[in-house]
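Chemist: whatever this is, show me its structure:
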Amino acid sequence: MTNPTEAEAGLARRNESIASFEQQITLLSRLQHALHSNPALVPLIVLVLSIVVFGALLGGKFFSSFALTLILQQVAIVGIVGAAQSLVILTAGIDLSVGAIMVLSSVVMGQFTFRLGMPPAVAIACGLVLGTFIGFVNGWLIARVKLPPFIVTLGVWQIALASNFLYSGNETIRAQEIETQAPLLQFFGQSFSVAGAVFTYGVIAFIAIVLVLAYVLRHTAWGRHVYAVGDDAEAAKLAGVNTRAVLISVYMLSGLICAFAGWVLIGRIGSVSPTSGQTANIESITAVVIGGISLFGGRGSIMGMLFGALIVGVFSLGLRLLGADAQWTYLLIGVLIIAAVAVDQWIRKVSA
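Modeler: Here you go, the predicted structure:
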């Protein structure tokens, strides 16, 4: 027979176990809440750790102003297109046509200038209008006709890609021609120095777009409506949100940003090439997913996408400086994509 002292000791041990279990649950809940409230936290931590690791392995070669600004220059195009993709994914959609819109808009800017003889400023405006119009078509088919975003943007991607090659005749406008006759097209490729670091205007445009969109999404009614539509479109509609107008405006803004990326692309590569930027759609989705924006919509931030794009840039440059095969970059990025989706699913399950 157990004496009272042993029984009390056993009860105390059980109480300690329960208290320990409750503490673990509390810590887990706090972590989940932190990740849910700050979706950019995970990619920021990964970015800092990757910089520390590559910095330790490469030393001054990695931390040089040249290397750090090179990362920004490499991710500027993907980051701008990623900003457009972020808006769409926040509404629980997806846009496979972003890369094609970017390239087609750049081709229109170049061809209108050299084939039609338009002033470069007018040709650039035409390219921006075209990108916005394609975005409107995407949004109208999705919001009004109720077609799935994946199917609509897949079809528009093919149409824009074919139009790009048919109109350009697969002709590249060389950098020397642009530089002498229409330097405005290369504006975002121009650079300036700050304390030994070289920045292009394309990088400044990328950062400006991210900051403006981050503010708009968090501090305007339109931004809150974007999150509401992505979280639960039916509930948002019952709350008085014009979900159709929000979706159409999101796709139009996405198209405009992609067209702007086409202008930046000309500055980045110096020429107008119908074959450039063909992987921008996949790269933009990669930056968005690694950046912690949920593919299910309604959660995430543009700043997270910025960190996601920088992570890809850091891995690409770091592995290149280490002399590793380029395939290692794809392997590690693939692991990060799966891990990011797994973290998103885990947060959703704990929230439930």
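
Chemist: look up how far Phe260 lies from Val194.
Modeler: Going from Val194 to Phe260 by C-beta to C-beta, to the nearest Å gives 23 Å. From N, CA and C alone the C-beta is placed, and that goes for glycine too.

Chemist: name the helices or strands packed onto the strand or helix carrying Phe62?
Modeler: Following DSSP states H and E, one finds Phe62 within helix 60-63. When contacts are defined as 3 or more C-beta pairs under 8 Å, 6 or more residues apart in numbering; DSSP states H and E, helix 60-63 sits against helix 41-58, helix 302-321.

Chemist: where does pLDDT dip in the protein?
Modeler: The model of the chain has pLDDT under 70 over residues 1-29, 31-37, 348-352.

Chemist: quick one, strands of it?
Modeler: 191-194, 197-200 (DSSP state E).

Chemist: the first one pairs with which strands?
Modeler: According to DSSP bridges, strand 191-194 has the following sheet partners: strand 197-200 (antiparallel).

Chemist: buried ones in the strand it pairs with, by neighbour count?
Modeler: Across strand 197-200, burial judged by 16 or more other C-beta atoms under 10 Å covers 199-200.

Chemist: one more: stretch 64-78?
Modeler: Going by 16+ other C-beta under 10 Å, stretch 64-78 has these buried residues: 67, 69, 71-78.

Chemist: could you check how far the nearest residue to Asp231 once chain neighbours are set aside is from Cys258?
Modeler: Closest residue in space to Asp231, ignoring its immediate chain neighbours: Gly298 at 3.0 Å, by C-beta to C-beta, 6 or more residues apart in numbering. Distance, Gly298 to Cys258, by C-beta to C-beta: 23 Å.

Chemist: thinking again about what came up before, may I have the helix holding Phe62 as PDB, with CA atoms only?
Modeler: C-alpha atoms of helix 60-63 as PDB (Å, rounded to 0.1, in the frame of the first residue of the first chain):
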ATOM      1  CA  GLY A  60      35.900  40.200 -47.300                       C
ATOM      2  CA  LYS A  61      35.200  38.900 -50.800                       C
ATOM      3  CA  PHE A  62      31.500  38.500 -49.900                       C
ATOM      4  CA  PHE A  63      31.200  41.600 -47.800                       C
END
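
Chemist: of Gly298 and Cys258, which one has the most company?
Modeler: More crowded of Gly298 and Cys258, by other C-beta atoms under 10 Å: Cys258, with 36 against 19.

Chemist: grab the nearest non-local neighbour of the more buried one.
Modeler: Ile101 (4.1 Å).

Chemist: could you report the neighbour count for that neighbour?
Modeler: Ile101 has 37 neighbours, counted by other C-beta under 10 Å.

Chemist: who's in contact with it?
Modeler: Residues counted as contacts of Ile101 (C-beta atoms under 8 Å, 6 or more residues apart in numbering) are 131, 134-135, 160, 255, 258-259, 262.

Chemist: restricted to helices, list these.
Modeler: 131, 134-135, 160, 255, 258-259, 262 (DSSP state H).

Chemist: among those residues, which two are most distant?
Modeler: The distance between the two most remote of these (C-beta to C-beta) is 12.8 Å, for Gly135 and Gly262.

Chemist: these two: who's more crowded?
Modeler: Using other C-beta under 10 Å, the more surrounded residue of Gly135 and Gly262 is Gly262, with 32 against 29.

Chemist: surely that one is in contact with Gly99?
Modeler: No: using C-beta atoms under 8 Å, Gly262 is not in contact with Gly99, being 9.9 Å away.

Chemist: what residues are shared contacts of those two?
Modeler: Gly277.

Chemist: so Tyr201 makes contact with Phe187?
Modeler: Yes: counting by C-beta under 8 Å, Tyr201 touches Phe187, with 6.3 Å between them.

Chemist: list residues touching both of the two?
Modeler: Gly267.

Chemist: circling back: pick the one among the contacts of Ile101 closest to Val107.
Modeler: Of all the contacts of Ile101, Gly262 has the smallest distance to Val107: 7.9 Å, by C-beta to C-beta.

Chemist: and Leu116, how many neighbours?
Modeler: Leu116: 11 surrounding residues under other C-beta under 10 Å.

Chemist: check contacts around the nearest residue to it once chain neighbours are set aside.
Modeler: Once flanking residues are discounted, Leu116 sits nearest to Ala123: 7.7 Å by C-beta to C-beta, 6+ apart. Shown in contact with Ala123 (C-beta under 8 Å, 6+ apart): 108-110, 112-113, 116, 182, 185.

Chemist: next one: Gly291
Modeler: Gly291 touches 40, 43, 82, 86, 300-301, 303-309, 340, counting by C-beta under 8 Å, 6+ apart.

Chemist: thinking again about what came up before, so which of the strands of the chain is nearest Ser271?
Modeler: Within those, the stretch nearest Ser271 is strand 197-200; the backing value is 15.7 Å (C-beta to C-beta).

Chemist: contacts for the closest one, please.
Modeler: Here strand 197-200 makes contact (C-beta under 8 Å, 6+ apart) with 65-66, 68-69, 72-73, 76, 188-193, 267-268.

Chemist: quick check, nearest of the residues you listed to Gly55?
Modeler: Distance to Gly55, by C-beta to C-beta, is smallest for Leu68 among the contacts of strand 197-200, at 10.3 Å.

Chemist: quick one: that closest one and Leu317, what's the gap?
Modeler: Noted for Leu68: a distance of 9 Å to Leu317, by C-beta to C-beta.

Chemist: now do the contacts for the residue sitting nearest the centre point of the chain.
Modeler: Among the residues of the chain, the one closest to the centroid is Gly82, at 2.6 Å (C-alpha atoms, centre = their mean). Contacts for Gly82 (C-beta under 8 Å, 6+ apart) come out as 283-284, 287-288, 291, 305, 308-309.
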